[in-house]
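K.L.:
from the sequence below, what's the structure:
(chains A and B)
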Amino acid sequence: MTTKPRLRALLALFGVLVLTLGLAACGSDDSDDETGDGNGGSASAEAIVASPDNEDVSLTIGSKNFTEQIVLGEIYAQALSAAGYDVETDLNLGSEQIALQALENGAVDAYPEYTSTALTSFFELPAQDVPKDVDQAYEDTRAQLADLGLTAFAPTPFTSANAVGLLRETAEEYDLETISDLEGVSEELTLNGSPECRQRVDCLLGLQRDYGLEFAEFNPVDIGLRYQVLDNGTADLSILFTTDAQLAGGESEYVLLEDDQEVFPPGNVMMIASEESVEQAGPDFKSTVELVQGDLTEEVMQELNARVDVDQQTPAQTAREYLEESGYIE
Amino acid sequence: MIGSEIATVAGLAPIAGVPGAFLGAFGDAIQFILQPQEARSGGVEVGGPAQVLELTADHLELTLLALAMSVAIGLPAGLLLGHRGTGELLAVGIGNAGRAIPELALIAFMAAAIGTGVLNVTIALAVLGIPPILTNTFVAMRQVDRPTVDAARGIGMTELQVIGKIELPMAVPTIMSGVRTATVNIVATATIAPLAGVLTLGDLILSRNVYGDAGVLAGAILVALLALALDSLLAAGQRRMTSRGLRLARQAT
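P.N.:
Just a heads-up that it's a prediction; the model follows:
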């Protein structure tokens, strides 16, 4: 009679194992596309061709620690893999300082960085001196990175910048399209932003000095709460990012005010890589990266971010969809 | 600063660089406190005694509010449960669970759930301050000398008198120890209050791009000093509130 309980236990364990394997198999199925119908990428874009020269080269692609960065890292990694490279990823590294360290000590061969972040954080350029012109900002960054032995590839079409955002209904109520429209109205409105924003000339101070706006209140909050404070009415205005997932789709309930006085500096993404990696990898490294980022506009980035943050898809899945829908990968 | 200059002159860059750099960073932090300077992101002056004092005062105010709320809730609850001898699982369990709470997650969660602003952050901080006070009060009351309590009842004291005149005075050292733990917890966690709408010394640490590394270190030093100062104050208060008899008994053992 003592064998029966043991047999039952073994059967139960076996059952659990089968169930677990079954669930794991189910979990890897592709999930359906729920937001929008494709991202507008041109299906006639050049497909990536794998070159046998690249097979001996191994590349590690890194990224910083938020959704947009991880999606970008996946896009580049999968594209380079399609070009025949032996690619590994080391995404979600941390802040820009940590990512730069990883790049400099060879833990990663490349990662995507913003021009504005590189200028202000790596090269200590005061925020007010960051060029508002995209090309100038890229040129300055590229030159200074070269001094560090790092190569910057061409910048993406999209720019990720801070922006003043609000609920669509609020914008309609006060008839607001640009930040300058806030003149005369801002005294009644509460603005929320990151703690840093309070004392930056490319944030609150710029709004006060360059636009001449006074707000009823400025409250510092974690950037993770930037939409919540609009939703629960704590703030009328909030500092958002131009490529946020919540802005995706034509009829988002949030709108951004146009920065007509150019207070917020532009932040285009450029892949930065060590010079050795670029030499070893051959020309396909740069050309593949610059090819696949060609369709990354603000709207597309919002859509991709939404697929991860709102639809709960994995970044890898989302990157694959982008590459396939744009025609870079069959 | 001075430390790094010495290191350079001595030509021992790699070896002396580390302590030299540390001294240099410390010196920069002190200078940040004493003298206003241009923000790392440019365009505005930060640092200096006025700003630092204002942030310290805000930090202290938030701490005291949260501590008051913690004591107001934790102390009576601990006294009641400890006097009755019930709810040990609850009182001690809350204390242990309280130690495990990740502060950043708590502030973020509460900011999302109950909103931002002084009252909401005070409540969030009180959640951190209540467990040590509740647990220590409960344990202190249970450890009061039983024969003394019986004797008090024997001479006709009411339950409230027993609590007030016998148990509480004898429980003071352990209770105050709980209050001190709660205070340090609250001072430390008030550092992240700027993420939930309340400016404190934490802004110096969180906004590194504005205040620079000097500011971050200055903020950390000031928070630590504030915690030490409050703890010393409470320790002195504890000594004054402990009856002579207890103090002598402790010295004897």
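K.L.:
which parts of the chain are helices?
P.N.:
Just so you know, I chose chain A. Secondary structure of chain A (DSSP state H): helices at A:3-27, A:67-82, A:96-104, A:115-117, A:134-147, A:168-174, A:204-209, A:228-231, A:275-281, A:283-292, A:298-309, A:315-325.
K.L.:
you answered for a different chain; I wanted chain B.
P.N.:
Using DSSP H, helices in chain B cover B:2-10, B:13-34, B:48-84, B:88-100, B:103-114, B:118-142, B:146-154, B:159-161, B:168-189, B:202-206, B:208-241, B:244-252.
K.L.:
the shortest one: how far from the chain's middle?
P.N.:
Once both centres are worked out by C-alpha atoms, centre = their mean, to the nearest Å, helix B:159-161 turns out to sit 32 Å from its chain's centre.
K.L.:
give me the mean pLDDT for that helix.
P.N.:
Averaging pLDDT along helix B:159-161 yields 89.
K.L.:
for the chain, which spans come out with low pLDDT?
P.N.:
You didn't pick a chain, so chain A it is. Low-confidence segments of chain A, defined by pLDDT under 70: A:1-3, A:16, A:18-45.
K.L.:
my question was about chain B, not that one.
P.N.:
Filtered on pLDDT under 70, chain B yields the residue ranges B:1-18, B:20, B:253.
K.L.:
tell me which parts of it are close to chain A?
P.N.:
Proximity of chain B to chain A (C-beta under 8 Å from any C-beta of the partner chain) is limited to residues B:38-44, B:46, B:108, B:111-112, B:115-117, B:194-197, B:199, B:202-203, B:206-207, B:209-210. For every residue, glycine as well, the C-beta is placed using N, CA and C.
K.L.:
now the stretch 101-250 of chain A against chain B: closest residue?
P.N.:
With C-beta to the nearest C-beta, the shortest gap between the stretch 101-250 of chain A and chain B falls at residue A:126, namely 2.3 Å.
K.L.:
what sits against that residue?
P.N.:
Contacts for residue A:126 (C-beta atoms under 8 Å, 6 or more residues apart in numbering or on different chains) come out as A:120, A:201, B:38-43.
K.L.:
cool, and residue B:69?
P.N.:
So residue B:69 contacts B:122-123, B:126, B:129 (C-beta under 8 Å, 6+ apart).
K.L.:
cool, and residue A:258?
P.N.:
A:177-179.
K.L.:
repeat that with 10 Å
P.N.:
A:163-164, A:176-181 (C-beta atoms under 10 Å, 6 or more residues apart in numbering or on different chains).
K.L.:
picking up where we left off before, which ones among the contacts of residue A:126 lie within strands?
P.N.:
Among the contacts of residue A:126, the residues falling in strands (DSSP state E) are residue B:38.
K.L.:
sorry, back to before: select only the buried ones of the contacts of residue B:69 in ChimeraX?
P.N.:
Buried residues within the contacts of residue B:69, by 16 or more other C-beta atoms under 10 Å in any protein chain shown, are selected in ChimeraX with:
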select /B:122,126,129
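K.L.:
on that earlier part again, name the stretch among the helices of chain B that sits most buried.
P.N.:
Each of those was scored by mean neighbour count; the highest is helix B:202-206, a mean of 26, by mean count of other C-beta atoms under 10 Å in any protein chain shown.
K.L.:
give the buried residues for stretch A:176-196.
P.N.:
A:176, A:179-182, A:186, A:189-196.
K.L.:
which one of those is nearest residue A:251?
P.N.:
Within the buried residues of stretch A:176-196, the smallest distance to residue A:251 is 17.4 Å, found for residue A:176 (C-beta to C-beta).
K.L.:
from residue A:159, how far off is the closest one?
P.N.:
Residue A:176 sits 22 Å away from residue A:159, going by C-beta to C-beta, to the nearest Å.
K.L.:
on that earlier part again, how near is the residue of the stretch 101-250 of chain A closest to chain B to residue B:28?
P.N.:
For residue A:126, the distance to residue B:28 equals 18 Å [C-beta to C-beta].
K.L.:
do residue A:199 as well
P.N.:
Per C-beta to C-beta, residue A:199 is found 18 Å from residue B:28.
K.L.:
likewise residue B:193?
P.N.:
As for residue B:193, its distance to residue B:28 is 25 Å (criterion: C-beta to C-beta).
K.L.:
try residue A:266
P.N.:
32 Å.
K.L.:
how about residue A:194?
P.N.:
24 Å.
K.L.:
and what of residue A:327?
P.N.:
53 Å.
K.L.:
how about the residue of the stretch 1-150 of chain B found nearest chain A: what's its closest non-neighbour residue?
P.N.:
Residue of the stretch 1-150 of chain B nearest chain A, by C-beta to the nearest C-beta: residue B:42 (2.3 Å). Leaving aside its sequence neighbours, residue B:42 sits nearest to residue A:126 (C-beta to C-beta, 6 or more residues apart in numbering or on different chains; 2.3 Å).
K.L.:
tell me the contacts of the nearest residue to residue B:172 once chain neighbours are set aside?
P.N.:
The shortest distance from residue B:172 to any non-neighbouring residue, by C-beta to C-beta, 6+ apart, is to residue B:241 (5.0 Å). Neighbouring residues of residue B:241 by C-beta under 10 Å, 6+ apart: B:168-169, B:172-173, B:175-176.
K.L.:
could these go into TSV alongside distance to residue A:112?
P.N.:
Output for the contacts of residue B:241, formatted as TSV (distance: C-beta to C-beta, whole Å):
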residue	distance to residue A:112
B:168	62
B:169	65
B:172	59
B:173	58
B:175	55
B:176	54
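K.L.:
closest to residue B:57 out of those residues?
P.N.:
Residue B:57 lies nearest to residue B:176 out of the contacts of residue B:241, by C-beta to C-beta, at 24.8 Å.
K.L.:
tell me the contacts of the closest one?
P.N.:
Residues near residue B:176 by C-beta under 10 Å, 6+ apart: B:133, B:136, B:140, B:234-235, B:237-239, B:241-242.
K.L.:
so residue A:221 touches residue A:232, yeah?
P.N.:
No: assessed by C-beta atoms under 10 Å, residue A:221 is found out of contact with residue A:232, at 11.5 Å.
K.L.:
and residue A:239, how far is that from residue A:166?
P.N.:
Counting by C-beta to C-beta - residue A:239 and residue A:166 are separated by 11 Å.
K.L.:
shared neighbours of the two, anything?
P.N.:
Taking C-beta under 10 Å, 6+ apart as the criterion, residue A:239 and residue A:166 both touch residue A:191.
K.L.:
check what contacts stretch B:88-106 and list those residues.
P.N.:
So stretch B:88-106 is contacted by A:222, B:74, B:77-78, B:81-82, B:87, B:108-109, B:124-125, B:127-139, B:141-142, B:178, B:181-182, B:185-186, B:188-192, B:195 (C-beta under 10 Å, 6+ apart).
K.L.:
from residue A:135, how far out is the residue sitting nearest the centre point of chain A?
P.N.:
Relative to the mean C-alpha position of chain A, the nearest C-alpha, by C-alpha atoms, centre = their mean, is the one of residue A:68, at 2.1 Å. Using C-beta to C-beta, residue A:68 is found at 22 Å from residue A:135.
K.L.:
skipping adjacent residues, who's closest to residue A:170 in space?
P.N.:
residue A:236 (6.0 Å).
K.L.:
which one of the contacts of residue B:176 is nearest to chain A?
P.N.:
Nearest to chain A among the contacts of residue B:176: residue B:133, at 27.7 Å, using C-beta to the nearest C-beta.
K.L.:
no further questions, thank you.
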